[in-house]
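Visitor: Mind looking at a prediction? Sequence and model below.
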Amino acid sequence: MSTLIASQCPPSAASISVTILNSAPVLQSVSLSPTTPTSLEDVVATEGTYADADNDGVNFSIRWFHDKNDGNGFVVDSAEITAVFPYVKTRKDDKLKAEFTPIDSPDGLAGAAVESGEI
């Protein structure tokens, strides 16, 4: 690592251009509620604390994973793209989990996806 001291540089070298790159947003957690839903309750996914170092706005894409207890394990339900998973698509003993990906606005730079626990 070297240090540049402006007073030791010739006048033509004293000006330095700095480019600040866009930083991806960071999401800490995703939660689901209710934690023990009945067969007549929608499940709602909520993002936890998030931040963007550039103070850009942050939006989220969501993927729901549904285990219908049929031996196929968790499968992405691509029809559900909102934070609410409708109860009409579930049965007793089904399991759900959700994955949020933070995306900064207006640049569209995605951060790391974060998955909820399963319920």
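Guide: On my side now, so go ahead.

Visitor: show me the residues around Ile36 that make contact.
Guide: That one is not Ile; residue 36 is Thr. Ile119 (CB atoms under 8 Å, 6 or more residues apart in numbering). (Glycine included, C-beta is placed from N, CA and C.)

Visitor: which residues touch stretch 53-61?
Guide: So stretch 53-61 is contacted by 20, 22-23, 25, 27, 47, 50, 52, 81, 100-107, 110 (CB under 8 Å, 6+ apart).

Visitor: can you rerun that using 10 Å?
Guide: Stretch 53-61 is contacted from outside by 20-27, 30, 45, 47, 50-52, 81, 83, 99-111, 113-114, using CB atoms under 10 Å, 6 or more residues apart in numbering.

Visitor: Please enumerate the strands of this structure.
Guide: Secondary structure of the chain, counting by DSSP state E: strands at 26-27, 30-33, 43-47, 50-51, 57-67, 75-76, 84-85, 95-105, 114-115.

Visitor: center of this protein - which residue?
Guide: Residue closest to the mean C-alpha point of the chain, counted by CA atoms, centre = their mean, is Thr101 at 2.7 Å.

Visitor: Beta-bridge partners for it, please?
Guide: Beta-bridge partners of Thr101, counted by DSSP bridges, are Ser61.

Visitor: roughly how far apart are it and Asp70?
Guide: Noted for Thr101: a distance of 27 Å to Asp70, by CB to CB, to the nearest Å.

Visitor: What distance do you get for the residue nearest to the centre of the chain to Asp42?
Guide: 22 Å.

Visitor: related to what we said a few turns ago, right, and the strands of the chain - which one's nearest Ile16?
Guide: strand 95-105 (26.7 Å; CB to CB).

Visitor: For the closest one, which helices and strands make contact with it?
Guide: Using 3 or more CB pairs under 10 Å, 6 or more residues apart in numbering; DSSP states H and E, the elements in contact with strand 95-105 are strand 26-27, strand 30-33, strand 43-47, strand 50-51, strand 57-67, strand 84-85, strand 114-115.
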